[in-house]
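Asker: sequence isn't available, so here's the structure alone:
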């Protein structure tokens, strides 16, 4: 549904911090399904960990937040070029179930739970081959740049 070129219209992130490769489902105001292909060439694998590469948990959370950000921007019919930025401002009930390693396809899902005065609450989940890797409830704030 959205390739990386269109994703870059809705996220201000760029390499090496753009963590969404493709959006496969999106229902504005409801939900998104996207993915990140995790390759051995990711810059963080050089140090995390050289002999046992594991995607850092904070980057898994960031990938989920970026998917939620796309959903929020599409729902509001805005882009960063409109002078809006979407900040990741909190996480509750964050859990990690298994490591993400090179070769995994990280599926990212987000559902809108609520929105009040520019503060959005999302239920997010990351999985590999149907197995949950991480889940949380996150908050994002839409602010003017």
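Answerer: On my side now, so go ahead. Note that the structure is a prediction, hence the values are computed from the model and not measured. Numbers count the residues shown, from 1 in each chain.
Asker: so, low pLDDT: which residues of the protein?
Answerer: Of all residues in the chain, none has pLDDT under 70.
Asker: next, the residue in it sticking out farthest from the centre: phi, psi?
Answerer: In the chain, the residue that sits farthest from the middle, by C-alpha atoms, centre = their mean, is residue 51; the gap is 26.5 Å. For residue 51, the backbone dihedrals (degrees, to the nearest 10) come out as phi -100, psi 0.
Asker: and the helices in this protein, which stretches?
Answerer: Taking DSSP state H, the helices of the chain run over residues 4-10, 57-76.
Asker: what's the most buried one of those?
Answerer: helix 57-76 (a mean of 22; mean count of other C-beta atoms under 10 Å). (Each C-beta comes from the backbone N, C-alpha and C, glycine too.)
Asker: contacts only, for the spatially closest residue to residue 64 that is not a sequence neighbour.
Answerer: Nearest residue to residue 64, sequence neighbours excluded (C-beta to C-beta, 6 or more residues apart in numbering): residue 124, at 4.0 Å. Applying C-beta atoms under 8 Å, 6 or more residues apart in numbering, we find residue 124 in contact with 64-65, 67-68, 108-111, 135-138.
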